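# Fold the stuff below for me.
(one chain, ligands or ions: 2)
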Amino acid sequence: MTTTGGCLCGAVRYEVDAAPVAVRTCWCTDCQKFAAGNATVNVVFPADAVRLEGKLTDYASTADSGNRMHRGFCPICGTPVTTGSEARPHLLGIRGGTLDDPALARPEITIWTRSAPSWAVIDPDIPCEETQPALPGPSTTSPRRAAAALDPVEDPDRRPRRLSGHAACATPRPRARG
Ligand SMILES: [Zn+2]
Ligand SMILES: [Zn+2]
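Ligands and ions are numbered 1, 2, ... in the order given. The predicted structure is shown next:
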């Protein structure tokens, strides 16, 4: 299956010849900036399966964990297209809104609900995490589990601010099976 997509103006296009290893909705404060106030939806693919055409501008920053993060956006129209961590170069996140068929980007987990605004709509039918899921050890890491722990953004805790938080993820819920 080939997944295709691109930015708003069409200067950046991509094709992916692999299934996503994870799809995550992220409500961290950084993502709320990239996503114009909402959460980002990140479709994580094996990096070597993504063929990009056109030039992305790279915005690099360092997370509290020390991981160097890279976000790629179109320099013409500004659309956020990619996100990735130098700690996990084998994975590349594609912003869900850039898919030619956004229906493919059905999230399977919501993360950083702690920093979601109180009006945020959080899917009650999928697991959620108040912050970032812990990164499992390499010996026990399945690709999907590893991708679930992928850090598409730096820890927003490095910029303390007053947050109302979101009640949707206040109590643990059963993990979806399958
Ligand atoms: Zn563009
Ligand atoms: Zn985020």
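# how long is stretch 49-59 end to end?
22 Å (CA to CA, to the nearest Å).
# quick thing: my sequence starts at 39, can you match it?
All right, first residue 39 from here; so that's stretch 87-97.
# what is the mean pLDDT for that stretch?
Stretch 87-97 shows a mean pLDDT of 98.
# Quick check: bridge partners of the residue positioned nearest the centre of the chain?
The chain has N80 as the residue nearest its centroid, 3.4 Å off, counting by CA atoms, centre = their mean. For N80, the beta-bridge partners under DSSP bridges are R62, R133.
# just checking, it touches C64?
Yes - counting by CB atoms under 8 Å, N80 touches C64, with 6.2 Å between them. (Glycine included, C-beta is placed from N, CA and C.)
# Show me where the protein has its strands.
Counting by DSSP state E, one finds strands in the chain at the ranges 41-44, 51-54, 60-64, 78-84, 88-91, 95-100, 106-111, 118-123, 129-133, 147-149.
# and those as JSON lines, adding distance to T169?
Below are the strands of the chain laid out as JSON lines (distance: least, CB to CB, whole Å):
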{"stretch": "strand 41-44", "distance to T169": "29"}
{"stretch": "strand 51-54", "distance to T169": "28"}
{"stretch": "strand 60-64", "distance to T169": "11"}
{"stretch": "strand 78-84", "distance to T169": "16"}
{"stretch": "strand 88-91", "distance to T169": "27"}
{"stretch": "strand 95-100", "distance to T169": "18"}
{"stretch": "strand 106-111", "distance to T169": "16"}
{"stretch": "strand 118-123", "distance to T169": "16"}
{"stretch": "strand 129-133", "distance to T169": "18"}
{"stretch": "strand 147-149", "distance to T169": "7"}
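# Good, we can wrap up now.
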